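1. next comes the sequence, and after it the predicted model I'd like to discuss.
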Amino acid sequence: MKELLVLIFIFLLFSCNSDTKSEKEEIPKPEFEWVKIPAGNYILGGENSIVNPIHEVKSQEFYITPNEISNEQFKEFIDATKYITTAEKYKNAKTFHVGLGEFEWIEDSTANWRFPFGEKNGDIEGKEKYPVTCISFIDILEYCKWAQVRLPTLDEWEIASRCGSRDKYFFGKDSTLLNEYANVWLSRTHDSLNVEDEYLYHSPIKTFKPNKWGLYDMYGNNFEFCSDLIKNRRDSGKTATARGGSWWCSKNSCNFFNSVDIGNVNKMASFSNHGFRVVKIKN
Amino acid sequence: MLFYSSCGSEEKTDKKNSTTEEKDTLDSAGDTIVEKEKLPRERLPKHTGSWIDQNLDNDFFYSERVDEIVTNSKNKIAAPDGEIMDYINDYITAKNLKKLNVREVIYYALAYPASFSQVCAEGFYDSTTNIPKINGYIPFSYEAEEMSDIQWNEINRRRDSVIIVITEFMEENPDKIDLEYLRLLQRLDAIEAFPTVMATASKDNLANYSFLLEFMYSNEFAPLRETDFYDAMYGDNAYYNNNSVEATPTVRKKIIQLAKGFYSDMNGD
């Protein structure tokens, strides 16, 4: 009997060890598509821009994702880590609906990355290929830590968006071409819709034409966070930068869908038009 | 076009205060209508809410009581990079806000905005050319924060008192007019503030002209459309960071003239 108990004990001990071993096995990290951005000297910034004056940058080669990180990609992170986003924890997200005043966003305690416009406006089912949104800068830093990637710097983002162009837009001076490349708000104000606006809010990633280096949604869809701050700006520790404009941005509101402008947002804020793309970390 | 002048008309529950412990040490001293002669003179220390030091003297109606409540209510969170930051939230509940006097409510709402603003909302009042300009819109100028619904609801509830307090301050301290006061008046749709804003408008208070212009624009005041600077401000190619005209004496005089006409029309004169 004693021998039997010892055998059973040894058996159970080995079973536990093999379970523990499999738990310790590394969960595979996500795979990304990458676009190589060549090394070079780049002239960045805009004439008369306060936040982004013209400056020259010597950049090393780097790799950036061709698309904004999608719901599908973000879900991998959540499933692997059980991370709870800022909006889910603090119920402090802000969303939008047609009819609001200019720059008016409303508090919605039910909004988060699973319900970008609040629970009553539906979840992301069927929108796996849409860019993840309603996440904060802090959430994004957690994602990057897990995925072993990083956000682009302001300069890297701009180099990637310009793809060699010195114009305000990567496609040249003709702003009428914007609608081929960017999902933005087509009406003059936000209290009305433009019937030509096929996507009221987000569009799936890679819907619009990419720039000539193969990068999609550099303008429009989501604002994209960057890792550093505007130069010579007092760092309060509270804000992060973002660029490129979003589906909300219109020609007569902020006109932010270009390669020059840089905006600021609180690191804890979760808006339904913010997202990100990532850069490969060098070994 | 309606500007961002009203929202959150319903009282919010204290959903975001579930993580804070509010010490209810406030006496019920809320006043609703404030009469001018009863307003005590307040100490006005600096507030460093703006990073653009252009003609902005950020004095507020200071309240030690509010500062103490906020300090005691602040929560900290740790960002993934290890940085410890304040968690921005409503430090004072809707219920307790009603117990503050109007100056304290203004101070609290402007000094401790409890919500966030959009990435592209930050506007810059001047270009690098150092030519004084008048914008067609009052620029936003803050640390990507703005009043929460709870704060706004209380400000809006005390609308008349808030307008009285701010306009009196502006009249007595024309050299200390802040963009945030003008923005607050704008959100309150404070046509009553027109005489004060006109009187204190000057080459040193160019944002006053923006206030007047925005009001006239949002009310579709026809004579504004006929000016030679209308297109630069509100035309097809104008947007929030590109909508200005040089602030010459002629332009400034014209704006005041228009504003007087607008104010008369609104008052049915």
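-> Sure thing, it's come through. Numbers count the residues shown, from 1 in each chain, chains lettered A, B, ... in the order given.
2. which residues of the stretch 151-269 of chain B lie near chain A?
-> B:D236, B:A238, B:Y239, B:Y240, B:N241, B:N242 (Cβ under 8 Å from any Cβ of the partner chain). (Each C-beta comes from the backbone N, C-alpha and C, glycine too.)
3. and those residues, which are buried?
-> Among these, the ones that count as buried by 16 or more other Cβ atoms under 10 Å in any protein chain shown are B:A238, B:Y239, B:Y240, B:N241, B:N242.
4. from those, which two are the most distant?
-> B:A238 and B:N241 (9.7 Å; Cβ to Cβ).
5. just to revisit the earlier point, just the ones in strands from the residues of the stretch 151-269 of chain B next to chain A, please.
-> With DSSP state E as the criterion, strands contain none of those.
6. okay if I get the residues you listed as a markdown table plus pLDDT?
-> A markdown table is the format used below for those (pLDDT from 0 to 100):
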| residue | pLDDT |
| --- | --- |
| B:D236 | 89 |
| B:A238 | 89 |
| B:Y239 | 87 |
| B:Y240 | 83 |
| B:N241 | 76 |
| B:N242 | 81 |
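7. now flag whichever of those residues is closest to B:Q151.
-> Looking across these and measuring by Cβ to Cβ, the closest to B:Q151 is B:Y240, at 23.3 Å.
8. does the closest one touch A:F256 like I think?
-> No - taking contacts as Cβ atoms under 8 Å, B:Y240 lies outside contact range of A:F256: 9.4 Å.
9. what's the overlap in contacts for these two?
-> Listed as contacting both B:Y240 and A:F256 by Cβ atoms under 8 Å, 6 or more residues apart in numbering or on different chains are B:C120.
10. how about the helices of the stretch 51-200 of chain B, start to end?
-> Secondary structure of the stretch 51-200 of chain B (DSSP state H, counting those that start in this stretch): helices located at B:64-73, B:94-97, B:102-111, B:149-157, B:159-172, B:179-187, B:194-200.
11. pick out the shakiest of these, pLDDT-wise.
-> Across the helices of the stretch 51-200 of chain B, helix B:64-73 has the smallest mean pLDDT, namely a mean of 84.
12. that one to helix B:102-111, inter-axis angle?
-> Helix B:64-73 and helix B:102-111 meet at an angle of 40 degrees, taking axes from the mean of the first three to the mean of the last three Cα atoms, to 10 degrees as the criterion.
13. helices and strands around helix B:64-73, which ones?
-> helix B:102-111 (3 or more Cβ pairs under 8 Å, 6 or more residues apart in numbering or on different chains; DSSP states H and E).
14. close to chain A, is the helix it packs on?
-> No - Helix B:102-111 lies out of reach of chain A by Cβ under 8 Å from any Cβ, never closer than 14.0 Å.
15. by contact count, what packs against that helix?
-> helix B:64-73, helix B:149-157, helix B:159-172, helix B:179-187.
16. closest one to A:K168 among those helices?
-> So among the helices and strands packed on helix B:102-111, helix B:179-187 is nearest, using Cβ to Cβ, at 27.0 Å.
17. return the lengthiest helix in chain B as CSV; C-alpha atoms alone will do.
-> Counting by DSSP state H, the longest helix found in chain B is helix B:249-266. C-alpha atoms of helix B:249-266 as CSV (Å, rounded to 0.1, in the frame of the first residue of the first chain):
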residue,chain,number,x,y,z
PRO,B,249,-5.7,99.2,-36.0
THR,B,250,-8.1,99.3,-39.0
VAL,B,251,-9.0,95.7,-38.6
ARG,B,252,-9.4,96.0,-34.8
LYS,B,253,-11.6,99.0,-35.2
LYS,B,254,-13.7,97.2,-37.8
ILE,B,255,-14.2,94.2,-35.6
ILE,B,256,-15.4,96.4,-32.7
GLN,B,257,-17.7,98.3,-35.0
LEU,B,258,-19.2,95.0,-36.2
ALA,B,259,-19.5,93.7,-32.7
LYS,B,260,-21.4,96.8,-31.6
GLY,B,261,-23.8,96.3,-34.4
PHE,B,262,-24.2,92.6,-33.6
TYR,B,263,-24.8,93.3,-29.9
SER,B,264,-27.4,95.9,-30.7
ASP,B,265,-29.2,93.4,-33.0
MET,B,266,-29.1,90.7,-30.4
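18. may I see the buried residues of it?
-> B:V251, B:R252, B:K254, B:I255, B:I256, B:L258, B:A259, B:F262, B:Y263.
19. same thing with stretch A:69-77?
-> For stretch A:69-77, by 16+ other Cβ under 10 Å, it's A:I69, A:S70, A:N71, A:Q73, A:F74, A:E76, A:F77.
20. name the nearest of those relative to chain B.
-> A:F77 (12.6 Å; Cβ to the nearest Cβ).
21. so how far is A:I84 from that closest one?
-> 12 Å (Cβ to Cβ, to the nearest Å).
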